[in-house]
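In: Starting from these lines, generate the structure:
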Amino acid sequence: MACWSAVLTALVILTLTSEPGARGAKENSRFYWRPNFAMPWTRGDNVCAIQEVKGTRKQYFTECMIYKPKLVCEKPTFVRYRCCSGYEEVAGERGCTGVKTVENLKVTMMRSRLTTLLDYAKRASLDRTFETDGPFTIFAPVNQAFRNLPSDLKNQLSSGGQSSLILYHALDGRVKYNEFRNDQNFPTVLDKQKSIRVNRYSNGVVTVNCARIIMPNQEATNGVVHTIEKVIYPIPDKTIMDILLEDGRFGELVTALILTRRADLLRETGPFTLFAPTDAAFRNLPADIVSRVFDPDNTEALKNLLNYHVIKHNLCTAAIFTSCNLRTLEGSTVRLGCTSRDQMKVDNALVTSGDILASNGIIHAVDSVLLPNSAKDVTMLAQEINLRAFMEAAESTKYAAALRGSKSSFTIFAPSDEAFAAVSGTELNRWHFNPDLYLSILKYHIMEGKMSTKDFVSQRAYSSQSASQGGVAASATLRLNLNRNGWSMNSAKVTSTDNECGNGVIHVIDKVMIPPTMTVLEIIKGNIRLSTFWSMIQTVGIDIFANITVGGGSFTIFAPTNEAFSRLDTAFMERLLLNTKELEKIIKYHILNRGVYSCGIQGGLTYQFRTAMGEWLKLWRLQPEEKTVEGNKMVKEEEKIIVVNSNTTRVIDYDVQGTDGVVYTIDQVLRCQCPEIDYY
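Out: Presented below is the predicted three-dimensional model:
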């Protein structure tokens, strides 16, 4: 079972970094001061490191764990050292150099202080069996495990009437720890038909009927002892579905399983792990989720929800001591973890009754219905992926209700919280006081229907929901671009893609997009700094822009400022204004036949684009420069795009979005490689 992304492939050896012990300690103490040794006692032979969870009795041994986390169920751990099984300290020696004689199972368990099991075995007249018979493999519960048993069962054990339970903890033959494999079944001494189930997990945990082995391989003359953390019981000869039908807590779940024909699945061989919501969990579902998931015309939604509660292998609670993800039958993953109270978590649900064993798997009762993204609407998903500012905008414009209640599907390019934070407070206030404008901006980020990246087509125009409201917006068109560093929508970089849910898909972007109200020519005409360039366009005629675009009619104009033209030779400018053919070539050299945005230009790389004139134009982004300011703080200058040809040109204004393209203001006139044009 591949679950833990942090799982290491080799055993982690934990050691102390300082000399243990203190002067004056008794010579037979493990912390006896040994001035003659440069190495600490713990680094000697046959010393085992034990990771213990602070404030609990829970321990993890080096033999039992591949990955030793610093936290176990949100609680810190520390390391204890002890002699490994079969060894003891020798006064004055580093490590555990004393070898204990190998004794029978009874003595071996006494040495490991497994006295309660031995006491109950004696009362059931089984103590002689552990002394002379065998070989056996004993799964011996710690003493505390017996204290946690129900009173009536403890009374039966005390009277010697539960020999069958004790024998269920024993196998015929000697089975060592490294022989255990995942999903192995071993017949017990009690009954060849009553097997125990062993599971080995990728984080090193091994369980027996979901009881964790906490100290393995304690060798005896007539067998081997593996210490386990709790008492185990025979697995009932009932499937998961059989148990659900008998248990009164799962009526709603049973009904849903039968309705979607998932009940038959849970009668199959498996193994399965079912996270089973109680009836109370179903009653707590929000009404909009109930209406969507329990739609009689769409049982597929309910089937997906139920599949999200099933994992196709055995998962015991003991295997979860840190966070991990596991894939469900629905196809997506659940997030697993455990609380500081050792309670298993599944997404936002708590396991209220765990490790209910069935013949084909395990049931964990949970206090909430698990919701896959396929059962959520876009507003729920937006909250989960921390799009708080976007949701505040949706709520304030009262559009969130439409997104929740609609049976239609949506594609949302949602600005991140950082994107909203980059908008000035003055501008945000203007939006808030103009509800039509704010709603238009919000809807400009939303399209009808589901569209994931597999459906994206670069340089294509898409229609958003934004429309002219009181003259606010003149265009609802969005333009999608594929760059070498990923996708962009208009001038916003797409930072997270394909967050899919029941009624839509969310792509996160790094900028709030404003619906454009002017064409690129209107933008140039309205900018007083670009009046010379606009005058030249008028001289040639705006029909030069016809038939020069691809993929939705978008183009890019690099518009030189008036100052840029003033630096050109006066005689050249006079000749140019009289020669419309040369003037048209110069203008077309400033036009690209596609939308190009700064977010698609990476630093240190050179990009080539064909101009409307037919020649190539090179662009690159200058790497940010660092400079020292007072207090020795290092800050980065704003990155600039450089347009390269026979000269270097800086962009002054970036990504000014028009309804049909984008405008960049530049500080020099671009010079084409045209022999017929003499710039001097």
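In: what's around Val651, how many residues?
Out: Neighbours of Val651 under the rule other CB atoms under 10 Å: 20. In short, each C-beta sits where N, CA and C put it, glycine included.
In: for Thr273, same thing?
Out: Thr273, neighbours per other CB under 10 Å, totals 23.
In: Give the other helices and strands that the host helix or strand of it contacts.
Out: For Thr273, the host element (DSSP states H and E) is strand 272-277. Counting contacts by 3 or more CB pairs under 8 Å, 6 or more residues apart in numbering; DSSP states H and E, strand 272-277 packs against helix 240-246, helix 251-259, strand 310-311, strand 349-358, strand 361-366.
In: now with 7 Å?
Out: The elements that strand 272-277 packs onto, with contact taken as 3 or more CB pairs under 7 Å, 6 or more residues apart in numbering; DSSP states H and E, are helix 240-246, strand 310-311, strand 361-366.
In: export the ones you listed to JSON lines and tack on distance to Ala394, mean pLDDT and mean neighbour count?
Out: Shown next, in JSON lines, are those (distance: least, CB to CB, whole Å; pLDDT from 0 to 100; neighbours: other CB atoms under 10 Å):
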{"stretch": "helix 240-246", "distance to Ala394": "39", "mean pLDDT": "97", "mean neighbour count": "19"}
{"stretch": "strand 310-311", "distance to Ala394": "33", "mean pLDDT": "98", "mean neighbour count": "23"}
{"stretch": "strand 361-366", "distance to Ala394": "30", "mean pLDDT": "98", "mean neighbour count": "24"}
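In: Output these as JSON lines; include the columns distance to Ala492.
Out: JSON lines is the format used below for the helices and strands packed on strand 272-277 (distance: least, CB to CB, whole Å):
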{"stretch": "helix 240-246", "distance to Ala492": "48"}
{"stretch": "strand 310-311", "distance to Ala492": "38"}
{"stretch": "strand 361-366", "distance to Ala492": "39"}
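In: how about Ile196, phi and psi?
Out: Note on Ile196: backbone dihedrals following degrees, to the nearest 10 are phi -100, psi 150.
In: so which helix or strand takes in the residue located most distally from the centre of the chain?
Out: Distance to the chain centre peaks in the chain at Ala571, reaching 64.5 Å (criterion: CA atoms, centre = their mean). Assigning secondary structure by DSSP H and E places Ala571 in helix 570-578.
In: So for that helix, what gets flagged as buried?
Out: Leu576 (16 or more other CB atoms under 10 Å).
In: model confidence over that helix, on average?
Out: The average pLDDT within helix 570-578 is 86.
In: Check which helices and strands it sits against.
Out: So helix 570-578, by 3+ CB pairs under 7 Å, 6+ apart, packs with helix 580-588.
In: What is the burial count for Ser535?
Out: 13.
In: Please settle this for me: is it part of a strand?
Out: No: Ser535 is assigned helix when assessed by DSSP: H, G, I helix; E, B strand; the rest coil, not a strand.
In: pLDDT wise, what is it at?
Out: 95.
In: Please report how far it lies from Leu117.
Out: From Ser535 across to Leu117, the span is 98 Å (CB to CB, to the nearest Å).
In: Next: Lys54.
Out: Distance from Lys54 to Leu117, by CB to CB: 27 Å.
In: More neighbours: these two, which one.
Out: The neighbour comparison of Lys54 against Leu117 (other CB under 10 Å) goes to Leu117, with 26 against 11.
In: Which secondary structure element is home to the more buried one?
Out: helix 115-123.
In: Ok, Arg404 next?
Out: Per DSSP H and E: Arg404 is located in helix 400-405.
In: Rounded mean pLDDT for that helix, please.
Out: The model assigns helix 400-405 a mean pLDDT of 86.
In: buried set for that helix?
Out: 400, 402-404.
In: Extract the C-alpha trace of that helix and format it as PDB.
Out: This file holds the C-alpha atoms of helix 400-405, laid out as PDB (Å, rounded to 0.1, in the frame of the first residue of the first chain):
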ATOM      1  CA  ALA A 400     -22.700  32.900  -4.800                       C
ATOM      2  CA  ALA A 401     -26.300  31.800  -4.400                       C
ATOM      3  CA  ALA A 402     -26.600  31.400  -8.200                       C
ATOM      4  CA  LEU A 403     -23.400  29.300  -8.300                       C
ATOM      5  CA  ARG A 404     -24.700  27.100  -5.500                       C
ATOM      6  CA  GLY A 405     -28.300  26.600  -6.700                       C
END
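In: Sounds good, over and out.
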